[in-house]
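In: With the sequence up front, the predicted model follows.
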Amino acid sequence: MNRPIIDPTDPRGLLRRMFDAAVASAQPALCLPAHLPAPPKGRTIVIGAGKASAAMARALEDNWPGPLEGLVVTRYGYEVPCERIEIVQAAHPVPDAAGQQAAQRICALVSGLSADDLVLCLISGGGSSLLPLPLDGITLEDKQAVSRELLKSGASISEMNCVRRHLSAIKGGRLAAACHPARVVTLLISDVPGDNACDIASGPTVGDATTCADALAILRRYGIELAAHVKDVLTSGRGESIKPDDPRLAGIDTRMIATPQMALEAAAHVAKSEGIRPYILGDSVEGEARDVGKVMAALALQVTRRGQPFETPCVLLSGGETTVTVRGNGRGGRNVEFLLSLGIALQGEPGIHALAGDTDGVDGQEEIAGAHLAPDTLERAWALGMRPKESLDQNDGHGFFQTLADSVVTGPTLTNVNDFRAILIERK
């Protein structure tokens, strides 16, 4: 029996269907209801932050049997109408005053609760920027400056969030401590490698084992200078977070409702249904985006030229969060940087197509999820007088792929399970 061959007229369509399936699998309306706890004797307070938090709030309202009230903060443009839960919008990835005010209001909402009350905390990726509540002695402008430096440093999301936790009055378990003695159930949509709850939105309801010394070491590692009064918060220990054994965190219930692995499995199901063997290489791939692109290109070439380690036709799937050390003045985007590096390394190898995108619909700071790569991508770029290597040097993946009309634009997806990468290799 002959194995099916990828439709040569629509590899782009197949890649997009896999990406859409990955995003759809993490929609709160689908994944949240099964994880809801029983209603409490007392009040139900809903709080939260993240790119998916408004959609999570709507799914909660649609499935909650009793009264509730609350406030969640989401990224501008990611608002979903709710009747009982207030939705506030704020800035991402660099925080703004709207986020700070929302964080202050959330802290006020959970003060003075009793053991009969329930706090439902809806957390997803992006919450670190959307809940900027600086510790005493630190200003919002200080937090903004640190955020900008971290974002362009090449630091991993885990490293960035370690620093954020130790400069915050709400992250690193502090929000859960403020809820005590109420019961706290946190529903998480993971956007971080390894699904470490402490790193999702910098863990506002999760005990933190890292220390101020760890945060200082990260800042030194990337050559990030702090204002003297900010550095003093870390060197003095005043920025120490709430530790996992803190009695105020006893009984905290943390439930992971959607993860990058689940999204990759949804994409793999689409591939299988269309006769393509899927191989999930990992849901927590990290490293410089351009370096990951080179490694993935080498693997794809081994598959297409040698039939190792996989036979064609197949699709190589991976997730996780790469980083970009900004050196140029382009429009950035770690997914498009990965894809451009991949394309340069493949040098137009026939039969290899790829899509890389952020499942929240925003790659870097652009309202563009990612892009498509085809065997003729470099040839079309050269014909327009473009220099792919120069675009990569300038960190201008978005400019490169948008010029070729190869950008993937989804608009707000209302969820976030990190990056999605698919390399489709046709049968030789």
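Out: Now that the structure is in, tell me what you want to look at.

In: Any stretches of the stretch 1-150 of the chain with poor pLDDT?
Out: 1-9 (pLDDT under 70).

In: can you pull out the helices in it?
Out: 11-25, 28-31, 53-63, 97-109, 127-130, 140-151 (DSSP state H, counting those that start in this stretch).

In: Need those in TSV (columns: mean neighbour count and distance to Glu240).
Out: Just so you know, the C-beta spots here come from the backbone N, C-alpha and C atoms, and that holds for glycine as well. Output for the helices of the stretch 1-150 of the chain, formatted as TSV (neighbours: other Cβ atoms under 10 Å; distance: least, Cβ to Cβ, whole Å):
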stretch	mean neighbour count	distance to Glu240
helix 11-25	20	38
helix 28-31	19	33
helix 53-63	24	27
helix 97-109	19	18
helix 127-130	30	18
helix 140-151	18	17
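
In: Of all those helices, which one is nearest His180?
Out: Shortest separation from His180 across the helices of the stretch 1-150 of the chain is recorded for helix 97-109, at 12.7 Å, computed as Cβ to Cβ.

In: domain ranges for this protein?
Out: In terms of domains, the chain is parsed into 11-24+261-425, 32-258 (source: automatic domain parsing).

In: quick one: which helix or strand includes Gln402?
Out: Gln402 belongs to helix 397-403 when assigned by DSSP states H and E.

In: Going toward the C-terminus from that helix, what's the next helix or strand?
Out: Using DSSP H and E, the first helix or strand after helix 397-403 is strand 407-408.

In: and the helix or strand following that following strand, how far out from the chain's middle?
Out: On the C-terminal side of strand 407-408, the nearest following helix or strand under DSSP H and E is strand 419-425. Relative to its chain's centre, strand 419-425 lies at 17 Å (Cα atoms, centre = their mean, to the nearest Å).

In: Run me through the strand neighbours of strand 419-425, direction for each.
Out: Sheet pairing here is set by DSSP bridges, and for strand 419-425 it gives strand 314-320 (antiparallel), strand 352-358 (antiparallel).

In: from those strands, which stretch is densest packed?
Out: strand 352-358 (a mean of 28; mean count of other Cβ atoms under 10 Å).

In: List the contacts of the closest residue to Asp393 other than its chain neighbours.
Out: Counting by Cβ to Cβ, 6 or more residues apart in numbering, the nearest residue to Asp393 once its immediate chain neighbours are dropped is Gly328, at 5.7 Å. Contact analysis of Gly328 by Cβ atoms under 8 Å, 6 or more residues apart in numbering lists 393-396.

In: mind redoing it with 6 Å?
Out: Applying Cβ atoms under 6 Å, 6 or more residues apart in numbering to Gly328 gives the contacts 393-395.
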